[in-house]
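Asks: Provide a 3D model corresponding to the input given below.
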Amino acid sequence: MVFCRQCQKNVEECEHFVPPLGVPAINVFDEKVRTIAYSAEKRILEVSFKTGQVWQLFGVPPGMYRELCDATISSFLRFIAHRYNARPVRHGTDIPTPPAEGCPQCGSAMTRRHSTKGDGSMQRILWACSKCAKTLWRTYDALDPRSSRKLTSFKNG
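Replies: The predicted structure is shown next:
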């Protein structure tokens, strides 16, 4: 789970996550950080932690990146990173999911209440109907789009 500043809550995934930077990363010698990657053109620093979380910092000058290559990254993050706009990085492949689902009981459009990621090829979404207060979990599978709409449970909200 990651605390999203925009959502103001702990989430596994949300619309505020950004895609991976897509540039080569370098390994660093640090107790908390595994790798860093940098795009000078975009001025984005991507930090991959040993916990598995990956964050991007926006507006980082090239000189700061060069200093980081020779410094303890954890110190930088503790004292300087809060000055930059930071966003968590989306993991795995994007799984196609609809923006809304129809309620099986009343037919109204349901909205997302919660979502979880599986092994990167699967996503579960909890849909909620505001009209009849029903909720349901649906599983979406990136590997087999034909089976991507499995009803897993349906209950009163």
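
Asks: which non-adjacent residue is nearest the residue nearest to the spatial centre of the chain?
Replies: The structure's the chain has its C-alpha centroid closest to Arg90; by CA atoms, centre = their mean the separation is 3.5 Å. Among residues not flanking Arg90 along the chain, Phe17 sits closest, at 4.2 Å (CB to CB, 6 or more residues apart in numbering). (Glycine included, C-beta is placed from N, CA and C.)

Asks: For the one you found, give its distance to Val2.
Replies: Phe17 is 8 Å from Val2, where distance means CB to CB, to the nearest Å.

Asks: list the residues that contact both of those two?
Replies: Pro88 (CB atoms under 8 Å, 6 or more residues apart in numbering).

Asks: before we move on, the earlier item: so what pLDDT did the residue nearest to Arg90 get?
Replies: What the model reports for Phe17 is a pLDDT of 80.

Asks: same question, Trp137
Replies: For Trp137, pLDDT reads 87.

Asks: same check, this time on the one 4 residues further on
Replies: Reported pLDDT at Asp141 in the predicted model: 69.

Asks: for the one 10 residues further on, same thing?
Replies: In the prediction, the pLDDT value recorded for Leu151 is 41.

Asks: again, but for Gly92
Replies: Gly92 is given a pLDDT of 58.

Asks: repeat for Glu46
Replies: Model confidence at Glu46, expressed as pLDDT, equals 92.
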